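Engineer: quick one: sequence plus predicted model below, questions after.
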Amino acid sequence: MNSALLKRMVDQIPDLLAVINRDLRIEMCNWRGGYEYVPEHLRNKGAHCYDLFYPDQGRPCENCHVLEVFRSGQPLVREKFNSRIGHMEVRCFPLFDQRGEVSLVAEQVCNINERKKVQERLSQEYTYSKTVADVVPLPIFSKDEAGRYLDCNKAFLEYIGCTREEVVGKSVFDLAPVEVADIYYAKDQELFLRGGVQQYRSTLVRGDGSVRQVVFHKAAFNKPDGRLGGLVGTVLDITDREEAMARLKESEERYRQFFEDDLTGDFIAKVDGQLLACNPSFARIFDFDSVEAALLLDMRSIHSDPESRELFLERLRQERKVDRVALEAQTPKGRALTLILTAVGIFDEQGELIEVRGYLLDDTERQSLSDQLFHSQKLEAVGRLAAGLAHDFNNLLTAIIGYSDALKGTLADPQQVRCAEQINLAGERAAALTDQLLALSRRQRLQPVELDLNALIASLEDMMGQLLGADIELVVLPDPAIAPVMADAARLEQVILNLVVNARDAMLTGGRLTISMFSRLLDAAQAQVFLDAQPGQYVMLELTDEGQGIPEEVLPHIFEPFFTTKQKGKGTGLGLATAYGIVAQTGGFMSVKSHVGSGTTFQVFLPSVVSGSC
């Protein structure tokens, strides 16, 4: 290649290209790459390079790279700074003579100002990213495609308890137990294969040996040429959250168990009556078979008086909590309930009542027993009063009847005799009334004998038919299997005939009276339902009419002395009270069931001769 062609080629190179001899004199140079500032008259062959490039220096540069290549015989690349050009990259190559010695050095000087700017920008970006990563409290790490850690933030180092030197360049097998490292490695390989983002739960063993529950979030990244570069990931410690969730779950389970097992009827309801939750006790109080069925209940329907519900809600709005208030309620089947309610109001941000959390204590049975006790005590008090009056009245009647009998024997005037007879008759009637009072007080003298109730009813059929009349059908359903009872026959007849007359008076337009007999064994729970009942074996006499029925408000009073619904002069109010007294003195009890328009059923329970306690 001739020298002219070589010079044209060298001149086309954008960087400075110079050939320098051992005396640091320039043999050839293209004066490009920013060195155009060197004056033309100084560009002569043989000038020292330092005089041309650094004219005020007057001597070779310290650590001269050209001299170093002459000494080492090896190529050299070094960055330098020129105040006129800026940042440069100097590349020096030895040129050998025929003896293999370095005779010349070729120097290429590249302007790297743009590259330096890019490097500075990248350095700033790295410093910024590193600062951001170190500020983030979440552990962050990166790995190369071989699974070696490239970098991590301070939070990662603090979390695992290692230094940067102990992490960077290491693999998971250097930092974690093998059984855990195998999982990490397999997950990394899966991510490298599929790409994208990966999330999974695992355990992490820290430097102090503590085991934590974590969630890894990882994403793969590529190199500029598109090949796999590695991954970045974060570690989210969920140990405390998991423990808190476990405690919360345990607490909720305890509360749910308490809620389910609570003997009170617990519920949560909206103000509009929608039931949101309830426990089995609540379902049981309102006669539901399950909680699921009870949740269909509209709470507005349980109040016997709709106005009372509005008053209750208004009170709850004012007081925010209502403690142990009486509530008259009813089941969907219409069964009356007496409840004790404690409720707490739940309010929204505007202070509006949105929910009611309540606790219901079923007081129905206790209230019923209390009413029965009160009724029994009232009857007992009236009975004691009646007994006292009857005994005193009997003493007077004995004298009246005795003197009237004596008076009749001394009188000749027929008119006077009739007067004496009327006095005697009135005395006899009064004596019968005192017998009723004694029966009411359960202090009359009875003459109990063993009776076959079937035979007793059969003997009274004709008399009962005459009492009922032609418009009322009498149906008697005997039970041959019933045991005999121990009772006073005359007094028991009085009870039966009294009930028959009452049935007749209730069926003004005719109907049917059915008399049935059954054997009944009452246990302790069943006996509590009835007033004055004891557990044991009974014979039950049941009289069912098709009359007009007894109003609900009257039923609690029908066995009370002197209580009557008949017109004045047509009833003393002692019939049912006397009947109850006779049955009670016999050791039995009575009950009544009635609905207006559906007739009435009286049940007479008499202890059987073969009686046993439950």
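Structural biologist: Right, received. Where do you want to start?
Engineer: list the contacts of stretch 359-366.
Structural biologist: 262, 264-267, 282, 285, 326-327, 336-343, 528 (CB atoms under 8 Å, 6 or more residues apart in numbering). C-betas here are computed from N, CA, C, even on glycine.
Engineer: inside strands: which ones of those residues?
Structural biologist: Counting by DSSP state E, the contacts of stretch 359-366 place 265-267, 326-327, 336-343 in strands.
Engineer: what about the stretch 251-400 of the chain, any weak spots by pLDDT?
Structural biologist: 254-256, 258-259, 262, 368-397, 399 (pLDDT under 70).
Engineer: hang on, I meant the stretch 1-150 of the chain
Structural biologist: Using pLDDT under 70, the flagged stretches of the stretch 1-150 of the chain are 1-4, 6.
Engineer: what do you get if the cut-off is 80, keeping everything else the same?
Structural biologist: Low-confidence segments of the stretch 1-150 of the chain (pLDDT under 80): 1-12, 37, 40-46, 52-56.
Engineer: please, where are all the helices along it?
Structural biologist: Listed in chain order, the helices of the stretch 1-150 of the chain (DSSP state H, counting those that start in this stretch) span 3-12, 49-53, 65-72, 113-135.
Engineer: pLDDT on stretch 597-614, on average?
Structural biologist: In this model, stretch 597-614 has a mean pLDDT of 80.
Engineer: what of stretch 202-209?
Structural biologist: 90.
Engineer: contact partners of that stretch?
Structural biologist: In contact with stretch 202-209 (CB under 8 Å, 6+ apart) are residues 159-162, 176-177, 180, 183-184, 187, 211-216, 235, 237.
Engineer: buried members of those into PyMOL, please.
Structural biologist: Remark: buried members of the contacts of stretch 202-209, expressed as a PyMOL selection using 16 or more other CB atoms under 10 Å:
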select buried, resi 159+160+162+176+180+183+184+187+212+213+214+216+235+237
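Engineer: in strands, which of the contacts of stretch 202-209 appear?
Structural biologist: V211, R212, Q213, V214, V215, F216, V235, D237.
Engineer: in CSV: those residues, plus distance to I354.
Structural biologist: Formatted as CSV, those follow (distance: CB to CB, whole Å):
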residue, distance to I354
V211, 45
R212, 41
Q213, 38
V214, 40
V215, 36
F216, 42
V235, 42
D237, 38
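Engineer: quick check, nearest of those residues to R227?
Structural biologist: F216 (23.6 Å; CB to CB).
Engineer: can you name the residues bridging to that closest one?
Structural biologist: Y200, V235 (DSSP bridges).
Engineer: return the residues in contact with it.
Structural biologist: By CB under 8 Å, 6+ apart, the neighbours of F216 are K187, Q198, Q199, Y200, R201, S202, G233, T234, V235, L236.
Engineer: could you rerun that using 10 Å?
Structural biologist: By CB atoms under 10 Å, 6 or more residues apart in numbering, the residues touching F216 are 141, 183-184, 187-188, 191, 198-202, 204, 233-236.
Engineer: now K7
Structural biologist: M28, N30.
Engineer: offset the numbering so it begins at 8, please.
Structural biologist: Happy to do that; since the first residue is 8 now, the last one works out to K14.
Engineer: quick one: it from E314, how far?
Structural biologist: 117 Å (CB to CB, to the nearest Å).
Engineer: likewise for A497?
Structural biologist: 53 Å.
Engineer: can you flag the buried ones in the contacts of stretch 366-373?
Structural biologist: 271-274, 289, 292, 334, 344-350.
Engineer: now, among the residues you listed, which is nearest to L418?
Structural biologist: T345 (65.0 Å).
Engineer: so the closest one touches V332, yeah?
Structural biologist: No - in this structure, T345 is not within contact of V332 by CB atoms under 10 Å, at 11.8 Å.
Engineer: quick check: the gap between E186 and D215.
Structural biologist: 18 Å.
Engineer: can you pull out the helices in the stretch 158-307 of the chain?
Structural biologist: Under DSSP H, counting those that start in this stretch, the stretch 158-307 of the chain gives helices at 161-167, 171-174, 179-182, 185-201, 246-268, 287-292, 298-301.
Engineer: how about those helices, which one is nearest G280?
Structural biologist: In terms of CB to CB, the element of the helices of the stretch 158-307 of the chain nearest to G280 is helix 298-301, at 13.4 Å.
Engineer: cool, thanks, talk later.
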